[in-house]
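Student: the amino acid sequence is not available; the structure is as follows:
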């Protein structure tokens with residue numbers, strides 16, 4: 001079975017549509033979303049509707065939490081906070097209720113799914129440096145063999161043993177004896193690793209392998225929607241540079 005793992009869509013309907021179109025023609029059998037369906041972008045309802053339609057499991061991201069009042073919006077800088085308030089007004093009652101009820105974690109066989117650091121999923125901490133991954137040695141026994149996270153909008157990945165951590169961002173992901181992975185799957189709607197293409201991942205349960213997938217999409221349309229909505233123009237500009 002091939003599982004598409006999506007995260008950080010951020011109301012970018014063009015990017016999400018490109019990802020789902022690719023998956024339909026590339027033997028994807030199941031979808032799991034790690035959260036942040038909303039925030040920054042201009043189409044929160046359309047993105048929620050699509051994810052609700054295709055995703056077997058969807059987790060709560062920090063922007064989702066802030067929009068529905070589960071997280072304090074003071075954590076965010078001014079224009080991001082404005083986007084949260086704007087999104088809250090745009091959401092249908094049905095989508096608001098759905099976001100409010102999302103879980104923080106999901107486990108399936110030897111796979112763990114989280115929006116942010118597995119050590120404390122509701123804390124929305126990042127796993128982008130060796131030190132971040134190192135903290136997970138404290139909960140090593142609780143980790144699954146493959147642990148997928150979003151939140152950072154990056155594609156870093158770490159290989160953990162019982163006593164040490166290695167940055168394995170340049171390595172192919174596969175099963176390793178007595179080792180566990182923490183993998184940042186990237187962002188569908190707002191990548192921040194200087195690659196502006198939509199990014200997500202596919203895990204093959206038969207082969208026990210994972211790969212990142214990058215796709216071009218209509219950035220012009222997505223950026224135009226943001227500008228027309230009255231949201232901060234920098235949310236549109238950053239789509240072009242992947243930052």
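Tutor: That came through, no problem. Quick caveat, the model's predicted, so the values are computed rather than measured. Numbering: from 1, shown residues only.

Student: from here on, contacts and neighbour counts on C-alpha atoms
Tutor: OK.

Student: thought residue 29 was touching residue 3?
Tutor: Yes - using C-alpha atoms under 8 Å, residue 29 is in contact with residue 3, at 6.1 Å.

Student: for residue 105, which non-adjacent residue is spatially closest?
Tutor: residue 114 (5.0 Å; C-alpha to C-alpha, 6 or more residues apart in numbering).

Student: tell me the pLDDT at the one you found?
Tutor: We have a pLDDT of 98 for residue 114.

Student: likewise the one 5 residues further on?
Tutor: According to the predicted model, the pLDDT of residue 119 comes to 97.

Student: tell me the secondary structure for the nearest residue to it once chain neighbours are set aside?
Tutor: Nearest non-adjacent residue to residue 119, counting by C-alpha to C-alpha, 6+ apart: residue 136, 5.9 Å away. At residue 136, secondary structure determined by DSSP: H, G, I helix; E, B strand; the rest coil is helix.

Student: tally of neighbours for residue 227?
Tutor: Using other C-alpha atoms under 10 Å, residue 227 is surrounded by 17 other residues.

Student: what does the helix or strand hosting it rub up against?
Tutor: In this assignment (DSSP states H and E), residue 227 forms part of helix 219-229. Identification of contacts with helix 219-229 by C-alpha atoms under 8 Å, 6 or more residues apart in numbering yields 12-15, 41-42, 232-233, 235-237, 239-240.

Student: so how far is it off the chain centroid?
Tutor: 21 Å (C-alpha atoms, centre = their mean, to the nearest Å).

Student: hmm, back to that, compare residue 29 and residue 3 (neighbour count), which wins?
Tutor: Taking neighbours as other C-alpha under 10 Å, residue 29 and residue 3 compare with residue 3 leading, 19 against 12.

Student: the more buried one should be in a helix, yeah?
Tutor: No - assessed with three-state DSSP, residue 3 is strand; it does not lie in a helix.

Student: contacting residues around it?
Tutor: Residue 3 touches 28, 29, 30, 31, 32, 202, 203, 204, 205, counting by C-alpha under 8 Å, 6+ apart.

Student: can you do 10 Å?
Tutor: 23, 27-32, 56, 201-205, 210 (C-alpha atoms under 10 Å, 6 or more residues apart in numbering).

Student: same check on residue 101?
Tutor: Residue 101 makes contacts with 59, 60, 65, 68, 95, as judged by C-alpha under 10 Å, 6+ apart.

Student: now name the helix or strand holding the last one.
Tutor: Following DSSP H and E, the helix or strand that holds residue 95 is helix 93-100.

Student: are we agreed that residue 212 is in a strand?
Tutor: Yes - membership of residue 212 in a strand is supported by three-state DSSP.

Student: apart from its chain neighbours, what residue comes closest to it?
Tutor: residue 201 (4.3 Å).

Student: and the helix or strand that that neighbour is a member of, average pLDDT?
Tutor: Following DSSP H and E, one finds residue 201 within strand 198-204. Mean pLDDT, computed over strand 198-204, is 98.

Student: still on that earlier bit, for the helix holding residue 95, packing partners?
Tutor: helix 44-54, helix 62-67, helix 78-90 (3 or more C-alpha pairs under 10 Å, 6 or more residues apart in numbering; DSSP states H and E).

Student: quick check: which of those has the most neighbours on average?
Tutor: Compared across the helices and strands packed on helix 93-100, helix 62-67 shows the largest average neighbour count, a mean of 25 (mean count of other C-alpha atoms under 10 Å).

Student: list the contacts of that one.
Tutor: Identification of contacts with helix 62-67 by C-alpha under 10 Å, 6+ apart yields 8, 10, 35-40, 60, 69-76, 80-81, 83-89, 91, 96, 99-102, 104, 115-116, 122-125, 151.
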